[in-house]
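# Give the three-dimensional model of this entry:
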Amino acid sequence: MKPPKIVFAFIIWLLLIFIWYKTGRSRKTEDDKLLKNNIEFTGTLKSVKVSQNHCFAIISIDNVKSNVASFNPDLKDRYFPYAIKNGRAEIYTLLCEGKIKEIGSDVKLNSNQRKLILEIDHKPYEFEIWITSERPNIQFIKENTTL
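Next up, the predicted model:
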């Protein structure tokens, strides 16, 4: 390759990186707005099912007390990090199985703050929640949801 071709290829590469960055950033901003929906709930940990994709998990919650009766997480190409139906809920997040051993412990979720609080070994642990768009995670949710 001659120097002008290298410079041209480098400029194209930089342009593609910039477009990719801006697209991802606008999606994150949109996701942040979607999560500010005033949904809060508490409940009792029923079970945890962990996928083979980097500890992505479905956390099943019973005895749910929520400010909404039901919530459908499906956004077609993305999923909210939680679902609520008939006094039960599920949370979809990264959580390795070894971290949770206490079935029956307290769970709290605040969507506006993007916060999940799990009681582990009688101590509260805080996790961030986000909308998932990874295909393996969405497939895992569809195959393993109980709601």
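
# Can you give the domain ranges for the chain?
Here the domain assignment for the chain is 1-35, 38-144, based on automatic domain parsing.

# Format the ones you listed as CSV; extra columns: mean neighbour count and mean pLDDT.
From N, CA and C alone the C-beta is placed, and that goes for glycine too. Putting the domains of the chain into CSV (neighbours: other CB atoms under 10 Å; pLDDT from 0 to 100) gives the following:
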stretch, mean neighbour count, mean pLDDT
domain 1-35, 11, 73
domain 38-144, 16, 87
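
# need the longest helix for the chain.
helix 3-35 (DSSP state H).

# what about that helix, distance to the chain center?
The chain centroid and the centroid of helix 3-35 are separated by 23 Å, computed with CA atoms, centre = their mean, to the nearest Å.

# show me what contacts Phe140?
Applying CB atoms under 8 Å, 6 or more residues apart in numbering to Phe140 gives the contacts Ser51, Asn53, Phe56, Ile58.

# is it true that the first one touches Pro136?
Yes - checked against CB atoms under 8 Å, the pair Ser51 and Pro136 is within contact range at 7.1 Å.

# picking up where we left off before, quick one: strands adjacent to the helix or strand following the longest helix of the chain?
Toward the C-terminus, helix 3-35 is succeeded by strand 40-50 as the next helix or strand (DSSP states H and E). Strand 40-50 has the following strand partners under DSSP bridges: strand 56-66 (antiparallel), strand 106-110 (antiparallel).

# contact partners of strand 40-50?
Contacts to strand 40-50, defined as CB under 8 Å, 6+ apart, come from residues 56-68, 82, 84, 88-89, 95-97, 100, 102-112, 118-119, 144.

# For it, C-alpha coordinates in PDB please.
Backbone C-alpha positions of strand 40-50 (Å, rounded to 0.1, in the frame of the first residue of the first chain) are rendered in PDB as follows:
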ATOM      1  CA  GLU A  40     -39.600  -0.300  42.600                       C
ATOM      2  CA  PHE A  41     -40.200  -3.700  44.300                       C
ATOM      3  CA  THR A  42     -39.100  -5.900  47.100                       C
ATOM      4  CA  GLY A  43     -39.400  -9.600  47.600                       C
ATOM      5  CA  THR A  44     -37.900 -12.800  48.800                       C
ATOM      6  CA  LEU A  45     -35.200 -14.700  46.800                       C
ATOM      7  CA  LYS A  46     -36.700 -18.000  45.400                       C
ATOM      8  CA  SER A  47     -34.000 -19.200  43.100                       C
ATOM      9  CA  VAL A  48     -31.100 -18.300  40.800                       C
ATOM     10  CA  LYS A  49     -30.400 -19.800  37.400                       C
ATOM     11  CA  VAL A  50     -27.100 -18.900  35.800                       C
END
